[in-house]
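Chemist: For reference, the sequence and a predicted model appear below.
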Amino acid sequence: MNVVPDTSVVIDGRVSATIEDGQFEGATICVPEAVVAELEAQANDGLDSGWDGLEELQQLAELADEGVVDLEYVGERPSAIERGHASEGEIDALIRDLAEELDATFVTSDVVQAEVAQAKGLDVEHVSPEVRRVGTLAVEEYFDDETMSVHLKTDAIPRAKRGELGAMHYEEIADEPLDEATMDEYAREVIDGAKEAHDGFIELSEPGMKIVQFRDYRIAIGRPPFSDGIEITAVRPIAQTDIDDYEHADELKERLLERQRGVLISGAPGAGKSTFAQAVARYISDHDYSVKTMEKPRDLQVGPDITQYTELGGEMAKTADALLMVRPDYTIYDEVRKTDDFEVFADMRLAGVGMIGVVHATRPIDSLQRLVGRVELGMIPQVADTVVYIEAGKVETVYDVKTTVKVPAGLTEEDLARPVIQVTNFQTGEPEYEIYTFNRQVVTVPLKEEEGGPGSESGVDRIAKQEIEREIRSVARGYVDVQLKSQDRAVVYVEEDDISSVIGKGGGRITDIENRLGSISTFAPTTRIPTTVPALVVAAAVAQTRVVLAGHKPVRWSNPRSPPGTSLSPSTATTAKPSRSRPPATTSLRRR
């Protein structure tokens, strides 16, 4: 009796199991070279299925050595082109042809392969795939009520993050490190459990990396060569909250139900963003809104009324297209990270769908700044009009985002009015940031001193310094430092070797820099240009700023527009006076 197994039944390990049951005892097992080629290719790609199949072939060889069966390798190895078309059935066809040629019993656990073989008149033995039934995973034994995540790795002592939100600690949870065999068994059990459980699925399967959602657990499995050893990271939510458990709950509920909005839930990893997003999803779902989620992986803990979607065809953009046909009132997008994610989020929001996005950020304003450059500046308030910042499981800050036309804070000239995005603290009603275009750049200006910020320096002052530094660095090769002395005075320090380059012949270059800065806003520079100034040259700040020249020793001026005999000394570095014979010439350059 000849038996020809296909790739599927070899991977499942059912050939040796059937032989041990006595069904094929004494038969000749004819393994096609096409099966060997497929298994070898899968193993080279780091796929577990390839290694499982090669282990089964070794088991068959041991049974042959014991005289239980005869083992032969038959047929020719498929070409690269044929292996490339394996998904289209080329390899399956080669294996069926061998079974027909050898008048053998064809053994498979693939339903499609069995149906085709029967249609062609072959003697077919269909063996259902064996699935290991898993109740509780071994990984779950490492969890207790306060454990958020478990971290296992070959030759390392198991560790876990435990505690309450905002007070997590990373600790060892065993005395001995895990060996590779144990880690491999854990990993296989997780994969088998995901395949068996109705509430388990494999979210990502790449060579060396698998991400599994098994009940409440999100489990990432890394293998060499992607990682330097087998690693398993299992994460589980430790708290389920209601929106009423958070500060500003009444205001947030009213805001969410008033109309569909664009909301960014931001915070550091582990701060409780997803927990808050779950509470929001359940609340709006209970108040006559249709709610869906977009997740990869799908690990939000929501009720059965909320359908959780993942990537469609490997793209969230396709998922968004499908959801627009479903027409949800609100969609929870977890997590918004890459440019494609922000574009999909903005597209759905502008299509009228209420969007709630979960974003990694270390400050409340950072989530909005991540939209800059990815979404047109003027569209940001339409895309995200609310920012909720979560810290240590609590709502720390809520921002209201809107657009107005005004003169940015810190500037005074009316002709500088422009569209400005105002970011207002929801609790105090006071604006905390302004976002607008300044000199062809998008800038975010804090309106009050930030914790850990640069002292009492205002946002406009920082922009002025940045603009001056940018202009001077365009001609200076070395160190550049800008010091704002007052609202209308700035001093710029450069290397001594760069002084002549910055000033230029007859002061032409520094004059050009002054003119470029002056085209941004009104300022009144003096026109005196020093021929040599040791280790120091001065430029203008951006907003109503006077050019100030200073040096470490007296210098004589050579600019024909400046009065002869004018000099600077250390004692008059920022208050230099011209000779009494003639006042200095000044020019007011208005914005063009």
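Modeler: In hand now; what should we look at?
Chemist: going forward, measure contacts and count neighbours with C-alpha atoms only.
Modeler: Will do.
Chemist: Backbone torsions only: list them for E40.
Modeler: Comment: the main-chain dihedrals of E40 come out as phi -60, psi -40, following degrees, to the nearest 10.
Chemist: Neighbours of the nearest residue to it once chain neighbours are set aside, how many?
Modeler: Closest residue in space to E40, ignoring its immediate chain neighbours: G50 at 6.2 Å, by Cα to Cα, 6 or more residues apart in numbering. When neighbours are defined as other Cα atoms under 10 Å, G50 has 23 of them.
Chemist: ok now stretch 314-333, how far from the chain's centre?
Modeler: In terms of Cα atoms, centre = their mean, to the nearest Å, the centre of stretch 314-333 is found 19 Å from the chain centre.
Chemist: tell me which residues in it are buried?
Modeler: Taking 16 or more other Cα atoms under 10 Å as the basis for neighbour counts, the residues of stretch 314-333 that come out buried are 316-317, 319-320, 323, 328-333.
Chemist: just checking, which of those residues belong to strands?
Modeler: 330-333 (DSSP state E).
Chemist: mind giving me JSON lines with these and columns for pLDDT and distance to D179?
Modeler: As requested, those are exported to JSON lines (pLDDT from 0 to 100; distance: Cα to Cα, whole Å):
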{"residue": "Y330", "pLDDT": "97", "distance to D179": "47"}
{"residue": "T331", "pLDDT": "97", "distance to D179": "43"}
{"residue": "I332", "pLDDT": "96", "distance to D179": "40"}
{"residue": "Y333", "pLDDT": "96", "distance to D179": "38"}
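Chemist: Can you give me every residue that contacts the residue nearest to the spatial centre of the chain?
Modeler: Nearest to the geometric centre of the chain sits R337, at 3.4 Å (Cα atoms, centre = their mean). In this structure, R337 makes contact with 359-360, judged by Cα atoms under 8 Å, 6 or more residues apart in numbering.
Chemist: tell me the secondary structure for it?
Modeler: The assignment at R337 comes out as coil when based on DSSP: H, G, I helix; E, B strand; the rest coil.
Chemist: which among the ones in strands among the buried residues of stretch 314-333 gets closest to G229?
Modeler: Distance to G229, by Cα to Cα, is smallest for Y333 among these, at 32.5 Å.
Chemist: and the closest one, bridged to which residues?
Modeler: M294, G357 (DSSP bridges).
Chemist: hang on, it packs against M355?
Modeler: Yes: here Y333 reaches M355: they are 7.2 Å apart, a contact under Cα atoms under 8 Å.
Chemist: tell me, what's touching those two both at once?
Modeler: Residues touching both Y333 and M355 (Cα under 8 Å, 6+ apart): F345.
Chemist: What is the nearest of the buried residues of stretch 314-333 to F276?
Modeler: When the buried residues of stretch 314-333 are compared for distance to F276 (Cα to Cα), I332 comes out closest, at 11.2 Å.
Chemist: what's the distance between that closest one and V10?
Modeler: Between I332 and V10 the computed distance is 42 Å (Cα to Cα, to the nearest Å).
Chemist: before we move on, what about L350?
Modeler: As for L350, its distance to V10 is 52 Å (criterion: Cα to Cα).
Chemist: Looking at these two, which is more packed in?
Modeler: Neighbour count, other Cα under 10 Å: between L350 and V10, V10 has more, with 27 against 15.
Chemist: so the more buried one sits right up against Q59, yeah?
Modeler: No: taking contacts as Cα under 8 Å, V10 lies outside contact range of Q59: 10.4 Å.
Chemist: For stretch 155-174, which residues meet the burial criterion?
Modeler: Of the residues in stretch 155-174, those scored as buried under the neighbour-count criterion (16+ other Cα under 10 Å) are 156-162, 165, 168.
Chemist: what's in contact with it?
Modeler: With contact meaning Cα under 8 Å, 6+ apart, stretch 155-174 is reached by 142, 146-152, 175-180, 270-272, 391-393.
Chemist: redo that, cut-off 6 Å
Modeler: By Cα atoms under 6 Å, 6 or more residues apart in numbering, the list of residues contacting stretch 155-174 from outside reads 146-152, 176-179, 392-393.
Chemist: Can you lay out these as TSV showing neighbour count?
Modeler: Conversion of the contacts of stretch 155-174 to TSV gives the following (neighbours: other Cα atoms under 10 Å):
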residue	neighbour count
E146	16
T147	20
M148	22
S149	21
V150	24
H151	22
L152	22
E176	11
P177	13
L178	16
D179	14
A392	17
G393	22
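Chemist: For I95, state which of these is nearest.
Modeler: Nearest to I95 out of the contacts of stretch 155-174 is D179 (Cα to Cα; 38.8 Å).
Chemist: which residues does that closest one contact?
Modeler: D179 makes contact with 154-155 under the criterion Cα under 6 Å, 6+ apart.
Chemist: For G67, which three-state class applies?
Modeler: Relying on three-state DSSP, one would call G67 coil.
Chemist: Counting neighbours, what do you get for it?
Modeler: Each residue near G67 was counted by other Cα under 10 Å, and the total is 12.
Chemist: pLDDT below threshold where in the chain?
Modeler: Applying pLDDT under 70 to the predicted model, the residue ranges of the chain that meet it are 81-89, 129-134, 165-166, 412-413, 415, 449-462, 485-489, 517-592.
Chemist: In the record's domain split, what are the boundaries for it?
Modeler: Using automatic domain parsing, the domains assigned to the chain come out as 2-126, 138-235, 243-446, 459-572.
Chemist: neighbours around the closest residue to I503 other than its chain neighbours, how many?
Modeler: The shortest distance from I503 to any residue other than its chain neighbours is 4.8 Å, reached at I510 (Cα to Cα, 6+ apart). Residue neighbour count, defined by other Cα under 10 Å, stands at 25 for I510.
Chemist: What are the phi and psi values at I510?
Modeler: Dihedral angles (degrees, to the nearest 10) for I510: phi -70, psi -30.
Chemist: What residues sit buried inside the longest strand along the chain?
Modeler: With residue count as the measure and DSSP E as the assignment, the chain has strand 394-406 as its longest strand. Residues of strand 394-406 classed as buried under the neighbour-count rule (16+ other Cα under 10 Å) are 394-395, 397-403.
Chemist: can I get the residues you listed in a markdown table with distance to V291?
Modeler: Output for the buried residues of strand 394-406, formatted as a markdown table (distance: Cα to Cα, whole Å):
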| residue | distance to V291 |
| --- | --- |
| K394 | 23 |
| V395 | 22 |
| T397 | 25 |
| V398 | 22 |
| Y399 | 23 |
| D400 | 23 |
| V401 | 23 |
| K402 | 25 |
| T403 | 28 |
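Chemist: closest to D228 among those?
Modeler: K394 (37.1 Å).
Chemist: Leaving out the residues flanking it, which one is nearest to the closest one?
Modeler: In space, and not counting its chain neighbours, K394 is closest to Y246: 6.3 Å by Cα to Cα, 6+ apart.
Chemist: Next, count neighbours for that neighbour.
Modeler: Using other Cα under 10 Å, Y246 has 16 other residues around it.
Chemist: Check the gap between it and T275 for me.
Modeler: 11 Å.
Chemist: ok, and S149, which helix or strand is that part of?
Modeler: Here S149 is covered by strand 147-153, with elements defined by DSSP states H and E.
Chemist: For the helix or strand hosting S500, C-alpha coordinates in PDB please.
Modeler: Following DSSP H and E, the helix or strand that holds S500 is helix 499-503. Included here for helix 499-503 are C-alpha records, laid out as PDB according to Å, rounded to 0.1, in the frame of the first residue of the first chain:
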ATOM      1  CA  ILE A 499      32.400  88.100  12.100                       C
ATOM      2  CA  SER A 500      33.600  89.300   8.700                       C
ATOM      3  CA  SER A 501      31.400  86.700   7.000                       C
ATOM      4  CA  VAL A 502      28.300  87.800   8.900                       C
ATOM      5  CA  ILE A 503      28.900  91.500   8.400                       C
END
